[in-house]
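1. predicted model, plus sequence, below.
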Amino acid sequence: MRAIRFETIGGPEVLKTVEIDTPSPGPGQILMRHQAIGINFIETYQRTGLYPVKLPAIPGGEAAGLVEAVGDGVTRFKVGDRVATTNAGGAYAEASLVRADRAVAIPAAISTEVAAAILLKGMTTEAFVRRAYAVKAGETVLVHAAVGGVGQIMTQWLKALGATVIATVGSEVKAEKARALGADHVILYRNQDVAAEVRRITDGVGVPVAYDSVGKDTFEGTLGSLARRGLFVSFGNASGPVAPFAPGRLAAGGSLYLTRPTLVDYIVTTEELDESAALVFGMVASGKIDIEIGQTFSLQDARAAHEALEGRVTVGASLLIP
């Protein structure tokens with residue numbers, strides 16, 4: 001089967017198409033034939049060495065497709081079932097082995113492409129807006145990169161919860177998109193003082209929670225936007241990692257909290273995985289969340305996909321199609 005592999009860390013040019021043997025499932029595993037593969041920023045972090053991986057490596061964790069074979073002891077799925085996972089391990093390929101208890105069934109109302117586009121980003125959103133911080137109706141929330149893969153889902157989910165959303169984006173075109181998604185206020189973070197705008201919008205109070213996937217470029221603005229005892233949810237480094245800072249800054253800002261969550265810690269058990277996935281698929285099926293697949297790339301064009309993602313010219317979700 002074909003796969004995308006990198007043998008050294010570096011830019012998108014290190015991604016190469018290779019031919020490898022199709023694996024066979026062991027006990028408790030399924031072989032999933034990919035029909036769509038989710039592209040996420042974490043793969044660029046792995047490729048550049050920001051998140052160390054063992055080399056050579058096949059990137060990717062999110063995919064959806066058909067069960068082609070099952071290993072001993074698997075009763076959760078059968079051959080031909082439509083499944084999705086955020087735990088494929090080497091998802092930039094035509095197929096992958098997945099632990100059966102780390103895959104979820106795709107409901108009939110959800111297309112395979114949408115499942116690949118929303119599962120990781122959707123469960124990330126669910127974990128962060130329901131469990132890392134339980135957003136309540138009437139609260140005002142700051143969302144950075146509001147028209148990105150997670151940002152689009154998060155903006156819509158927050159509106160469904162009854163929150164007021166302050167969105168940040170990098171261009172006027174993206175500002176219009178954010179408003180169409182339901183954002184109540186939009187800040188052009190490259191041209192405007194984010195903290196000052198948030199304070200103006202909230203009558204000087206700030207927001208109880210801010211979701212920041214951008215990292216270095218937005219850190220100061222996010223920190224300055226929080227209300228007393230506010231929570232800073234840092235979950236990405238699109239502009240680069242945040243530099244070390246003195247913990248005393250959290251005290252000086254109003255007894256603030258900062259968390260650096262990762263989805264894996266919110267879907268530890270199969271029960272947590274199934275519940276989160278069901279909530280995500282339910283939000284899509286109900287029409288409360290519209291998932292936009294902004295761009296698709298063929299598997300062999302993974303390099304171009306990474307260039308687009310790192311160039312921050314993508315809108316919505318991006319997929320590789322084997």
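-> Thanks, I have it.

2. what bridges to the closest residue to residue 259 other than its chain neighbours?
-> Spatially, and ignoring its direct neighbours in sequence, residue 259 is nearest to residue 233 (5.8 Å; Cβ to Cβ, 6 or more residues apart in numbering). C-beta coordinates here come from the backbone N, C-alpha and C atoms, glycine included. Judged by DSSP bridges, the bridge partners of residue 233 are residue 211, residue 259.

3. residue 98 too?
-> Beta bridges link residue 98 to residue 30, judged by DSSP bridges.

4. now do the contacts for it.
-> Contact analysis of residue 98 by Cβ atoms under 8 Å, 6 or more residues apart in numbering lists 29-30, 32, 83, 85, 87-89.

5. farthest pair within the residues you listed?
-> 83 and 89 (14.6 Å; Cβ to Cβ).

6. gap between the two ends of stretch 82-102?
-> Using Cα to Cα, to the nearest Å, one end of stretch 82-102 lies 14 Å from the other.

7. ditto for stretch 56-66
-> The straight-line separation of the ends of stretch 56-66 (Cα to Cα) is 26 Å.

8. how far away from the center of its chain is that stretch?
-> Computed by Cα atoms, centre = their mean, to the nearest Å, the separation of stretch 56-66 from the middle of its chain amounts to 14 Å.

9. relative to residue 220, how far out is residue 105?
-> 43 Å (Cβ to Cβ, to the nearest Å).

10. the two: who's more crowded?
-> Neighbour totals were compared for residue 105 and residue 220, and residue 105 leads with 18 against 15 (other Cβ atoms under 10 Å).

11. so for the more buried one, what's the pLDDT?
-> With respect to pLDDT, residue 105 scores 98.

12. taking the centroid of this structure, which residue is nearest it?
-> In the chain, the residue lying closest to the centroid (Cα atoms, centre = their mean) is residue 121, at 3.4 Å.

13. was I right about that one contacting residue 153?
-> Yes: with contact defined as Cβ atoms under 8 Å, residue 121 reaches residue 153; the gap is 5.4 Å.

14. for the residue lying farthest from the centre of the chain, what are its contacts?
-> Taking Cα atoms, centre = their mean, the residue of the chain most remote from its mean C-alpha position is residue 72, at 32.1 Å. By Cβ under 8 Å, 6+ apart, the contact list for residue 72 reads 26-28.

15. cutoff 7 Å now
-> residue 27 (Cβ atoms under 7 Å, 6 or more residues apart in numbering).

16. which parts of the stretch 201-322 of the chain are strands?
-> 207-212, 226-234, 257-259, 293-298, 317-321 (DSSP state E, counting those that start in this stretch).

17. nearest to residue 68, out of those strands?
-> For the strands of the stretch 201-322 of the chain, the distance to residue 68 is smallest for strand 317-321, at 17.3 Å, taking Cβ to Cβ.

18. which of the contacts of residue 98 fall in strands?
-> Applying DSSP state E to the contacts of residue 98, the entries found in strands are 29-30, 32, 83, 85.

19. a markdown table please, covering the residues you listed and showing neighbour count.
-> Listed next are these as a markdown table, based on neighbours: other Cβ atoms under 10 Å:
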| residue | neighbour count |
| --- | --- |
| 29 | 23 |
| 30 | 26 |
| 32 | 27 |
| 83 | 21 |
| 85 | 28 |
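
20. circling back to that earlier point, residues in contact with the residue nearest to the centre of the chain?
-> Residues in contact with residue 121 (Cβ under 7 Å, 6+ apart) are 149-150, 153, 317.

21. ok, it to residue 291 distance?
-> 8 Å.

22. circling back: could I get the contacts of residue 98 as CSV with distance to residue 58 and pLDDT?
-> Formatted as CSV, the contacts of residue 98 follow (distance: Cβ to Cβ, whole Å; pLDDT from 0 to 100):
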residue, distance to residue 58, pLDDT
29, 16, 97
30, 18, 98
32, 14, 97
83, 19, 98
85, 15, 96
87, 14, 85
88, 9, 73
89, 8, 80
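
23. can you pull out the strands in the stretch 51-200 of the chain?
-> Using DSSP E, counting those that start in this stretch, strands in the stretch 51-200 of the chain cover 63-70, 82-85, 95-99, 103-105, 140-143, 164-169, 185-188.

24. so which of the ones you listed is nearest residue 306?
-> strand 63-70 (16.7 Å).

25. buried residues in that closest one?
-> Within strand 63-70, the residues scored as buried using 16 or more other Cβ atoms under 10 Å are 63-67, 69-70.

26. overlap of the contact sets of residue 121 and residue 291?
-> The contact lists of residue 121 and residue 291 share 153, 317, where a contact means Cβ under 7 Å, 6+ apart.

27. residue 175 is in contact with residue 186, isn't it?
-> Yes: under the criterion of Cβ atoms under 7 Å, residue 175 is in contact with residue 186, at a separation of 4.5 Å.
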